[in-house]
Structure formats: structure tokens, C-alpha cells
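Trainee: let me see the structure of the following:
(2 chains)
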Amino acid sequence: MTGRAEAGPAAAAGGGTAPPGGEAVLEVRRVSMRFGGLKALSDFDLTMRPRELVGLIGPNGAGKTTAFNAITGVYAPTEGDVLLSGERVNGMRPHRICARGVARTFQNVRLFRELSALDNVRIACHAGSRSGFLSAWLLTPTHFEEEERIHRRAAQFLEVMGLSGRRDELARNLPYGEQRRLEIARALATRPRVLCLDEPGAGMNASEKVALMDLIRRVRDQFACAVLLIEHDMRLALGVSERVLVLDHGVTIAHGRPEEVRRDPKVIEAYLGDAYLEERHLPVPAGQVEGEGA
Amino acid sequence: MTGRALLLLRPALPLIVAVPALWALQAVAPPYVSIFLIALGVNVILAVSLNVVNGFTGQFSIGHAAFMAVGAYTAAKITTALRDVQIAGLPVGISDAVVFAAALGAGMLLAAVAGLLVGVPSLRLRGDYLAIVTLGFGEIIRVIIENSSFLGGATGISGLPPDTNIVWTGLGVVATVVMARRLQTSTQGRALLAIREDEVAAEAMGVDTVGWKVRAFVISAAFAGLAGGLLVHKILLCTPRMFTFVKSFEVVVMVVLGGMGSISGSIFAAAGLTLALEWLRGLDQYRMVIYSLLLVVLMLVRPTGLFGTRELWDHLPRWLGGRRVDGRMP
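Mentor: Numbering: from 1, shown residues only, chains lettered A, B, ... in the order given. You can find the predicted model right below:
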């Protein structure tokens, strides 16, 4: 199955039409988020098929993380619907959405800092388990089986992320790059069908970002999950994504394959313009300075 | 005995092993030592159970004495009502023990219900707000008891049967410690630790944060109720004044002193504080001053408490069987 084949030509802004296959794992329908008078996200549409790699880009304050939070249940959308494999999930608490197959990482790493790397992943492995305190106190055979199973799985996830040697290390003592990888391992341990990565490349240098692109592709192939990637860095986002959505001031201004989006004049104006000019140390036109938070 | 039967006994093994040891201790301990040990045991139960909420789950509750009161009054009401009742076909001693056990159980149950009623609304709050609300609820429960003629008002209930001894208290301590320890090393307990570390991340990783917080609170309240039931059947009196804010604060001091999240820390701190107060009996009126000073000194010298979030054995040197990992302690 290839998501690539049906990525389609650049649709009109906001045009996340239903895919021909119809087996979307995640469907976001005209979601808006309003905070008081501020509309952080308007009519956001997104459809993700299994194993698809979609990038969500845009300048600072464009509403990328807001979109993430609306999908993962941190916020209940003001308008619109979020569907997971056809089930409506808006308004559900994050842990229930997680149990339905959406896992995420955070823009500023949020590990369980005082716990070991292994425990960080083991906690995520527990997701969806129904067992309560009683089985832990009565030491039932299922309790031991469960602990054993969780331990084995957690160790596997650490190994995939190259963290086997760090399993007993406290999360806060890991170097930054390994903390980022541990966060991905933790998210994968919840067995997601959609993995949401919030700026995984933040704070990394160019060669680390290349390694990260490989890692993201490998994760997608090995765990057969769709990946939704927020990225500030255009090169990383366009390099790894099969399909890209561009947000600006909460509005989807472009949607399509990376090479098409790259040429889209609206995108260049909203985003590439600044970056392009800044990269060459040219003056940025007045009124186009990015960074007003939303 | 078959292997299967042994397997069924395994969860209760610590209790089974403890009974003969406690009987022996009971037989040799002079009355004064026995009173002291019971007070110590009750404090250990209180500190370890509060640690499940304050230490493991990271929710700062300071209303523990109220749940203790609920357990104490429930047990006291039952034992005084059934004083002269003897279960048919059982010798007096065993009949009394059964009644006492049932009374303690009922006390735990009602304390758990109180914990649920307080926990569900308050656990939506965090940090200082939660602390204030638990303190408020604690005082509300005490004031209700104080104004209830059914529960003896301000004079309370007297003439309780002297049921509590070293064996009962010791079993309570073992049960509490086993409960906390099995929690700490299980996947369910790790969910609590995750809430302490980062509630947003825990929720995103599939941990039902509200559900686990309420469960931790209810369990903690139940064991506070056990401690209350044990205490009043030793001093044979149950008055509202025993369960004021001062008592709650005492337990908080023990937990903080020992290190939030450390079971062995709570045990050490509870034992140490009980011992210190016994020696400094003449200074009883300065109790709150001593607690405050202790906390100030602790915050200056060792803000993490005695053992931090770790256990005693994590701090031992390797040759003593320690599992110290570099950089684990600040």
C-alpha cells in the first residue's frame, strides 16, 4: 500500500477531500479552534491513510500545535469533527484518544524526568490495559504475565531507538538527542495508528536532522503507522513528507506534494519569503516579520 | 501442601510470616514499650499511606487526619455497640477478634467512601489549591463529627474495648507497607509516578489521570481509617480533638522528612519523629514549633527529604547490596 500514489495534485487551500480508498485512519473535518476572540485554527481539514507521512508546516504561530492539540484531545474543537477510523472522538480526554491509536511527542520534550528510560516506555506500554490495583496486590498470575510482557515490549522499543544501553538511566540525565528518541519510543509503545511528532528536529544540527529523517521513515515502515509531522524547518519537512499542509494564521493556505507546495506562490509569500530572504541576509519587507504568537 | 495452594498463599506471605514474630514481641514487650510501639506503628501506617498520594502521585493532600477520624469513629461505634455480643460457637477471645477485625474493616471502608467524596471534587485542582481544599474538607469532616450527638459531640466516645495490641498494629503496618511496595513496583503504580512527573504527558500516553488520582486518594484514605481504628482501641477514647489539622500536619512532616515517594523514608521518618516526641515529652506544647523548625532545616540541608524519591537500599554502597546509579541523587 502506498500513500504516495494518491497524494494527488495540490488541492485548493483547505481542500482535504476524502481519499478514494476511504479507509482513513484519521479524518479531521472543518475543525476550528477559538480562544476568546482569537481564531487559532479555522476550517482545518486533514485525511490520513494508513502508513502515510504528512507534514504540517507554517510559520510561528500558524496554528500547527493547536491543530495537534485538537486532534489529540488536549482541546475540544470549537467546531468540526475529528474521526479516528470513522469514530467521532472530539471532546474525548487525551488518554481515551490515545487508546484509540493516536500518540504524540511534545514540542518541548516532556519525559517523566525522574524515572528511568525503561520506566518511561513501560508506562506507555500500560496504555489501554484494564487491570487495576487489585491484581498488583494479589500478585495474580496475570499480573506477572502482564509485567513480563510490558518489560519485554518496552525493552524492544528502546532497542529500536538505539537506547538499550540507557534503560536504567534517568530520563533527565540523557543527552538532548536521546531524550527526543526516548519520547518517540514512548509514543510508539502505545501502539499508535497515527504518530504525531511535534517539531522533532527542534534544536538539532543539520546532520542530526538527516539522521532524524531516516529514523522517521524507518519508524513508519517498521511500525506501520501513519506519521503526522509538525516541522518548522522546511528542508526537513519537505524532505521526509509525502504530502504537506501549509498553515498560516490558522488557515490552510496550501496542500499537496512537497515539490508542488514549494512552488506555491502563497506559500512562498507566507513562509518561504521570509526564510529565503533571511537566509541570504536580505532585508525582510515590512509587515512580513513572523512571530506573533497564536 | 500442593504447589497451587502455595501459590494462592503467596500474596499473603508477608502477613503469615509476620504473625509469629509479632506474637513473640507481644509476649515480651512491657506495657510501656507496647504503647510506644503501637503509636509508632499507627504513625507508620499514616505516613506510608499518605505517601501514596503525596509521594507517588505528587498530589499534595493535607487532610489525612479526617479520614483517620472516619475510620476511628466507625470502628469505635461498632466495637462499643457489640461489646457484650459473643458470636455463637466461638470462644470469647476469637469472637472479640472477629468483631474487632470487622470494625476495622468497616472503618477502612467508610474512610474510603469519605476519600472518594472528598477526592472526586478536589482532585481537579493542583498544587496549593488541592492542599487548601483537602485541608478544608478535613476540617469539615471534623466539625461534622464534633456537632453530631450520635458520635458523642466534643467529648467523643469513651469506654472502648482494649482490642488493639502489637499483633494487630504490626499486621496493619505490614499490610500497608506491602500495599505501597507492590504498588510502587507494578505497572499500576508507575501510572501514579507518571502523573507525578508530568500530568499532560501521562494523559497523552494513555494514563487516565483523573481515575488513577482518585483511586490513589481512596486507598490512602482507607489505610488512614485503619490507623484511626487501631489508635482509638489502644487509648480507649475517641474524641474530635485527636484528629485536628495538627495531626494531618504531623503526617505531612513525616512524609516530607522521609522523602516524597520513598516508603522506607516514610517509615524512618515516622519512627524517628515518634521516638523524638517520646523523649521530648515535656516539650509537647512546642510540638508545632519543632515541626516547623525541622521543615526549615530540612529545606535548607536536604530539600529532597531523607531518601528523595528512592528507597533506603538505593543509597547503600554497592558492597552492601546497594543499587546506586551515578547521578541518581542530586
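Trainee: what about the closest residue to chain A within the stretch 101-250 of chain B, which SS state?
Mentor: Evaluated by C-beta to the nearest C-beta, the stretch 101-250 of chain B has B:Gly206 as its residue closest to chain A, separated by 2.7 Å. (Glycine included, C-beta is placed from N, CA and C.) On the three-state scheme (DSSP: H, G, I helix; E, B strand; the rest coil), B:Gly206 is labelled coil.
Trainee: isn't it right up against A:Gly101?
Mentor: No. If you go by C-beta atoms under 8 Å, B:Gly206 and A:Gly101 don't touch, sitting 10.3 Å apart.
Trainee: packing partners of the host helix or strand of B:Gly170?
Mentor: With secondary structure defined by DSSP states H and E, B:Gly170 is part of helix B:166-184. Contact partners of helix B:166-184 among helices and strands, from 3 or more C-beta pairs under 8 Å, 6 or more residues apart in numbering or on different chains; DSSP states H and E: helix A:133-138, helix B:13-28, helix B:31-51, helix B:92-122, helix B:187-197, helix B:209-235, helix B:263-279.
Trainee: quick one: neighbours of the spatially closest residue to B:Arg215 that is not a sequence neighbour, just the number.
Mentor: Spatial nearest neighbour of B:Arg215, excluding adjacent residues (C-beta to C-beta, 6 or more residues apart in numbering or on different chains): A:Phe133 at 6.4 Å. When neighbours are defined as other C-beta atoms under 10 Å in any protein chain shown, A:Phe133 has 20 of them.
Trainee: which pLDDT does the model give A:Phe133?
Mentor: In this model, A:Phe133 is scored at 81, pLDDT.
Trainee: return the residues in contact with it.
Mentor: Each residue near A:Phe133 by C-beta atoms under 8 Å, 6 or more residues apart in numbering or on different chains is listed here: B:Leu183, B:Gln188, B:Arg215, B:Ile219.
Trainee: from the helices and strands packed on helix B:166-184, which stretch is densest packed?
Mentor: Each of those was scored by mean neighbour count; the highest is helix B:209-235, a mean of 26, by mean count of other C-beta atoms under 10 Å in any protein chain shown.
Trainee: okay, the angle between it and helix B:166-184?
Mentor: 170 degrees (axes from the mean of the first three to the mean of the last three C-alpha atoms, to 10 degrees).
Trainee: packing partners of helix B:209-235?
Mentor: Helix B:209-235 packs on helix B:31-51, helix B:64-81, helix B:92-122, helix B:166-184, helix B:187-197, helix B:199-204, going by 3+ C-beta pairs under 8 Å, 6+ apart.
Trainee: nearest to A:Arg49 among those would be which one?
Mentor: helix B:199-204 (23.2 Å; C-beta to C-beta).
Trainee: what helices or strands is that closest one leaning on?
Mentor: helix A:94-99, helix B:187-197, helix B:209-235.
Trainee: same thing but at 10 Å, please
Mentor: helix A:64-72, helix A:94-99, strand A:102-104, helix A:117-125, helix A:176-188, helix B:187-197, helix B:209-235 (3 or more C-beta pairs under 10 Å, 6 or more residues apart in numbering or on different chains; DSSP states H and E).
Trainee: which residues touch B:Ala29?
Mentor: In this structure, B:Ala29 makes contact with B:Ile35, B:Phe36, B:Leu37, B:Ile38, B:Asn165, B:Ile166, judged by C-beta atoms under 10 Å, 6 or more residues apart in numbering or on different chains.
Trainee: ok, which pair from those residues is furthest apart?
Mentor: Every pair of these checked by C-beta to C-beta; the farthest is B:Phe36 and B:Asn165, at 13.1 Å.
Trainee: put the alpha carbons of the helix holding B:Gly170 into CSV.
Mentor: C-alpha atoms of helix B:166-184 as CSV (Å, rounded to 0.1, in the frame of the first residue of the first chain):
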residue,chain,number,x,y,z
ILE,B,166,1.1,-5.2,68.9
VAL,B,167,-0.1,-8.1,66.7
TRP,B,168,-3.0,-6.1,65.2
THR,B,169,-0.9,-3.0,64.7
GLY,B,170,2.0,-4.9,63.3
LEU,B,171,-0.3,-6.6,60.8
GLY,B,172,-1.7,-3.2,59.8
VAL,B,173,1.9,-1.9,59.3
VAL,B,174,2.9,-5.0,57.2
ALA,B,175,-0.3,-4.7,55.1
THR,B,176,0.2,-1.0,54.5
VAL,B,177,3.9,-1.4,53.5
VAL,B,178,3.2,-4.4,51.3
MET,B,179,0.3,-2.5,49.7
ALA,B,180,2.6,0.5,48.9
ARG,B,181,5.6,-1.5,47.8
ARG,B,182,3.6,-3.7,45.4
LEU,B,183,2.1,-0.6,44.0
GLN,B,184,5.5,1.1,43.6
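Trainee: how big is the angle separating that helix from helix B:92-122?
Mentor: 40 degrees.
Trainee: chain center to helix B:166-184: distance?
Mentor: 9 Å (C-alpha atoms, centre = their mean, to the nearest Å).
Trainee: return the nearest residue of the stretch 1-150 of chain B with respect to chain A.
Mentor: B:Pro11 (4.6 Å).
Trainee: ok, that residue - contacts?
Mentor: B:Pro11 touches A:Ala136, A:Trp137, A:Leu138, A:Leu139, A:Thr140, A:His143, B:Val178, B:Arg182, counting by C-beta under 10 Å, 6+ apart.
Trainee: and if we set it to 7 Å?
Mentor: Each residue near B:Pro11 by C-beta atoms under 7 Å, 6 or more residues apart in numbering or on different chains is listed here: A:Trp137, A:Leu138, A:Leu139.
Trainee: contacting residues around the first one?
Mentor: Read it as A:Trp137. Contacts of A:Trp137 by C-beta under 7 Å, 6+ apart are B:Pro11, B:Met179, B:Arg182.
Trainee: ok, the second one next?
Mentor: Going by C-beta under 7 Å, 6+ apart, A:Leu138 touches B:Pro11.
Trainee: repeat the analysis, applying 10 Å as the threshold.
Mentor: With C-beta under 10 Å, 6+ apart, A:Leu138 has these contacts: B:Leu8, B:Arg10, B:Pro11, B:Ala12, B:Arg182.
Trainee: for B:Gly71, same thing?
Mentor: By C-beta under 10 Å, 6+ apart, the neighbours of B:Gly71 are B:103-112, B:114, B:221-232, B:243.
Trainee: one more: B:Leu116?
Mentor: B:Leu116 neighbours (C-beta under 10 Å, 6+ apart): B:Val214, B:Arg215, B:Phe217, B:Val218, B:Ala221, B:Ala222.
Trainee: pretty sure the third one is touching B:Pro121, no?
Mentor: Going back to what we said before, that points to B:Phe217. No. Using C-beta atoms under 10 Å, B:Phe217 is not in contact with B:Pro121; the gap is 11.2 Å.
Trainee: quick revisit: which of B:Gly206 and A:Gly101 has more residues huddled nearby?
Mentor: B:Gly206 (28 against 20).
Trainee: list the contacts of the residue nearest to the spatial centre of chain B.
Mentor: In chain B, the centroid-proximal residue (C-alpha atoms, centre = their mean) is B:Leu46; its distance is 2.2 Å. Counting by C-beta under 10 Å, 6+ apart, B:Leu46 touches B:64-65, B:67-68, B:176, B:220, B:223-224, B:226-228, B:231, B:247-248, B:250-252, B:254-255, B:266, B:270.
Trainee: distance of it from B:Ser61?
Mentor: As for B:Leu46, its distance to B:Ser61 is 12 Å (criterion: C-beta to C-beta, to the nearest Å).
Trainee: name the residues contacting each of those two.
Mentor: Contacts common to B:Leu46 and B:Ser61, judged by C-beta under 10 Å, 6+ apart, are B:Phe67, B:Ser220, B:Ser248, B:Val251, B:Val252, B:Val255.
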